[in-house]
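> let me see the structure of the following:
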Amino acid sequence: MATTVAQYLIARLQQAGLEHLFAVPGDYASPFLQALDATPGIERVANMSELGSGYAADGYARFRGVGAACVQYGVGTFSLLNCAAGSFVERVPVAVISASPKSRDRQLERSDEILFHHSTGDLRADEKVFANVTVASEIVHTAEAAPAQIDRAITAMLTHRRPVYVEVLNDVWSLPCAEPQGTLAPVGRRSDPQSLVAALEAAWARIEAARLPVLWAGVEIQRFGLQDTLQEIVDASGLYFTTTSLGKTVLDESQEHFIGTYAGPASPPLTWTVMDDVSDCIVALGTIITDDYLNIMHSSFGQMIEVNDEEARVGYQHYDRVTLKDFMEGLLARFREDERSPREYVLPEIETEAAVEAKPDDGLTYNVVYDELGAFLKDEKLLDDSVLVLGESTSLYVFGNLFGLPRDGFVAQAAWGSLGHETGCALGVALGSGKRPFVVAGDGGFRMVCQELSSLAAQKCDAVVFVLSNDAYAIEQAFVDIEAFTPNGQFAPFDELPPWDYAALAQAFGAKGYHATTVAELRAVLAEVKGLEDVPALVEVVIPEKDLPPQLKRLADAPPESRKYRPS
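A predicted model of the protein is given here:
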């Protein structure tokens, strides 16, 4: 039996490790979805929105190394564009699959100026738009060309760990094509030997001369499969390590050499002091450096070693054609050959922030929720079987202070920062990791994709979604005018949200609804959701509108040159 174009694409995705494909149906893509449903070993997962489909594919790919979403041409793809942009920025390999008018209809559109549904009138519009946020953007016009185009796109996705866009004409899906030959794999990249040696020599000299060199690990360590190598560097060197917010849990954070997640002024006191004041040699490996780190780039750029997928530099000296993998392996070899390694480094003595003993009748704040949920996950020994999923909200900077999380136990879209990603990606996280997502969302972000609670319910996913409800875009207000959090301050009208009935929403979407306004109520909810199976939980956690956690206050109060949102 001949292989069709649809079957070819499915086979290549399966070879890459895909077992679930997230989809919102559309008539142009129906031949592909029919072929998908007829293929054993891969499951079509229905989403309630294109955003949900794209976010779920993103969450899935963070654990499986590949994700895929299929949506309708034009109206679906343009909606999913935001998701693809986030995957592009954060190095997440997702295949965006679409379909467009058939060959005959395209001729009519050109000759008779007939505008077919969901088309802008430019039949290449989707391809051209997605070319900005993918490493390959293809329109498959013929079955003969399909294998080469599909292989080129999937190979690029695997090589660069970034999204691709594959669009197939509606009448081409069911046409026969050549069968897949071999298995696709990332294209290997090699360092220039002399450039690599020079970079390692310069980096080693700086590390040797430093009083307290520190490893700063980023998410590319996970994306490119270098976690074991990084752990070996930590073990062989004796160096302490931190991570970016995006790279949190690239390594097990219960080990003694972890000094906390670095988020600029929002960091734990020890992390902040070491990175901003004490370390004289920061070794940034696989980091994506965002404007959360303006302060350290302002103060320490010239003393930093920075190697990632796009550049290698030691101070102000750049080294061409040095790969992250080769540099890390070379650095590991240096430490193993050094008779003095692993060395003992002395951390500064920093007074830790005292934990506040919450009483049962106390109201809830960001930091009380952080303490209670963190203690619950640790005390109930749930960390190894859970993934903590954080939204781009105040809670990201609060929960980023957690210690003790296991490797690959945390997800946050901390670079692109799209509101709603956390709830949208939860289903993909669950299916991709096999673990239970504990989602902490701001109410503004949750409202963007609240219908994806129904997608979780349809899949009988036991995710727990905590909505920190203060009826406002609190993180936005902190950067607009932090004085609004004072007793006489007022939130900007555009940062206020109308009240929602979350219990009714949970019931409508097929989830279990809960409400907590005090410590006692939150503890009772945590005890109950622990035993839930086959159904998601939506927990409204009521936070005072003017609760301003110290982590966010430090971030918003940073000096102008190192502030995330600088004054004009």
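
> so, low pLDDT: which residues of the chain?
1, 105-106, 108, 115, 353-355, 558-568 (pLDDT under 70).

> skipping adjacent residues, who's closest to the most centrally placed residue in it in space?
Centroid-nearest residue in the chain: Q413, 3.9 Å away (criterion: Cα atoms, centre = their mean). Take Q413 and drop its neighbours on the chain: the residue closest to it by Cβ to Cβ, 6 or more residues apart in numbering is H421, 4.2 Å away. Heads up, the C-betas are built off the backbone N, CA and C, glycines and all.

> what backbone torsions are found at the residue nearest to the centre of the chain?
Backbone torsions for Q413, taken as degrees, to the nearest 10, come to phi -90, psi 70.

> isn't Y319 right next to A198, touching?
Yes: counting by Cβ atoms under 8 Å, Y319 touches A198, with 6.0 Å between them.

> so which of the two has more stuff around it?
For Y319 and A198, the more surrounded residue by other Cβ atoms under 10 Å is Y319, and the numbers stand at 22 against 16.

> near the nearest residue to N82 once chain neighbours are set aside, how many other residues are there?
Nearest residue to N82 in three dimensions, chain neighbours excluded: S418, at 5.9 Å (Cβ to Cβ, 6+ apart). Using other Cβ under 10 Å, S418 has 22 other residues around it.

> quick one, what contacts S418?
The neighbours of S418, taking Cβ atoms under 8 Å, 6 or more residues apart in numbering as the test, are 82-83, 86, 392.

> and V535, by the same measure?
Counting by Cβ under 8 Å, 6+ apart, V535 makes contact with 457, 460, 462, 510-512.

> sorry, back to before: quick one, what contacts the residue nearest to the centre of the chain?
So Q413 contacts 58, 86, 90, 246, 391-392, 421-422, 425 (Cβ under 8 Å, 6+ apart).

> quick one: contacts of the longest helix seen in the chain?
Assignment by DSSP state H gives helix 193-209 as the longest helix of the chain. Residues from elsewhere that reach helix 193-209, judged by Cβ under 8 Å, 6+ apart: 213, 281, 283, 303, 305, 307, 312, 314-315, 317, 319-322, 326-327, 330-331, 334.

> hang on, G489 packs against E483?
Yes: G489 is within contact range of E483, at 4.9 Å (criterion: Cβ under 8 Å).

> domain ranges for the protein, per the record?
3-177, 193-337, 366-562 (automatic domain parsing).

> closest one to L347 among those domains?
domain 193-337 (6.6 Å; Cβ to Cβ).

> what is the end-to-end distance of that closest one?
End-to-end distance for domain 193-337, by Cα to Cα, to the nearest Å: 19 Å.

> and if you look at stretch 18-29?
19 Å.

> and that stretch, how far from the chain's centre?
How far stretch 18-29 lies from its chain's middle: 21 Å, per Cα atoms, centre = their mean, to the nearest Å.

> quick one: buried residues of it?
By 16 or more other Cβ atoms under 10 Å, the buried positions in stretch 18-29 come out as 18, 20-24, 26, 28-29.

> which one of the contacts of Q413 is nearest to V166?
Distances from V166 to the contacts of Q413, taken by Cβ to Cβ, are shortest for D58, at 16.6 Å.

> just give me the neighbour total for the closest one.
Neighbour count of D58, defined by other Cβ under 10 Å: 31.

> ditto for D192
By the criterion of other Cβ under 10 Å, D192 has 15 neighbours.

> and the strands in the stretch 251-400 of the chain?
Remark: strands assigned in the stretch 251-400 of the chain by DSSP state E, counting those that start in this stretch are 258-261, 281-285, 305-307, 312-314, 317-318, 386-390.

> dump the ones you listed to a markdown table, plus mean neighbour count.
Formatted as a markdown table, the strands of the stretch 251-400 of the chain follow (neighbours: other Cβ atoms under 10 Å):
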| stretch | mean neighbour count |
| --- | --- |
| strand 258-261 | 24 |
| strand 281-285 | 23 |
| strand 305-307 | 25 |
| strand 312-314 | 24 |
| strand 317-318 | 12 |
| strand 386-390 | 25 |
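
> quick one: closest of those to M275.
strand 281-285 (6.8 Å).

> and the closest one, what does it pack against?
helix 193-209, strand 213-217, strand 305-307, helix 324-337 (3 or more Cβ pairs under 8 Å, 6 or more residues apart in numbering; DSSP states H and E).

> pull up the gap between the residue nearest to E533 when sequence neighbours are not counted and T323, please.
Using Cβ to Cβ, 6+ apart and skipping the chain neighbours, the partner closest in space to E533 is D462 (5.7 Å). In this view, D462 and T323 are 40 Å apart by Cβ to Cβ, to the nearest Å.

> same check on A478?
Separation of A478 from T323 (Cβ to Cβ): 39 Å.

> D171 now?
43 Å.

> same question for R110.
Between R110 and T323 the distance is 45 Å, computed by Cβ to Cβ.

> which one's more surrounded, these two?
Remark: of R110 and T323, T323 carries more neighbours, 19 against 10, as counted by other Cβ under 10 Å.

> thought that one was touching R189?
Yes: contact criterion Cβ under 8 Å: T323 and R189 qualify, at 5.2 Å.

> circling back: now the strands of the stretch 251-400 of the chain as a markdown table including distance to E220?
Putting those into a markdown table (distance: least, Cβ to Cβ, whole Å) gives the following:
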| stretch | distance to E220 |
| --- | --- |
| strand 258-261 | 16 |
| strand 281-285 | 8 |
| strand 305-307 | 10 |
| strand 312-314 | 12 |
| strand 317-318 | 18 |
| strand 386-390 | 19 |
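
> looking at these, spot the one closest to K102.
strand 386-390 (40.0 Å).

> now do the helices in the stretch 51-200 of the chain.
All helices of the stretch 51-200 of the chain, identified by DSSP state H, counting those that start in this stretch, fall at 75-89, 103-111, 125-130, 146-160, 193-209.

> winner for burial among the ones you listed?
Most buried of those, by mean neighbour count (mean count of other Cβ atoms under 10 Å): helix 75-89, with a mean of 23.

> now do that helix: everything it contacts.
Helix 75-89 is contacted from outside by 24, 26, 49-51, 53-55, 57-58, 61, 67, 69, 71, 92-94, 96, 98, 118, 126, 129-130, 133-135, 162-163, 165, 288, 413, 415-416, 418, 421, 424, using Cβ under 8 Å, 6+ apart.

> can you flag which of these belong to strands?
Those of the contacts of helix 75-89 mapping onto strands are 67, 69, 94, 96, 98, 165, per DSSP state E.

> find the pair from the residues you listed with maximum spatial separation.
Farthest-apart pair in the ones in strands among the contacts of helix 75-89 is G67 and S98; separation 15.1 Å (Cβ to Cβ).

> compare those two (neighbour count), which wins?
A count of neighbours by other Cβ under 10 Å puts G67 above the other of G67 and S98, at 34 against 26.

> surely that one meets A95?
Yes: G67 is within contact range of A95, at 7.3 Å (criterion: Cβ under 8 Å).
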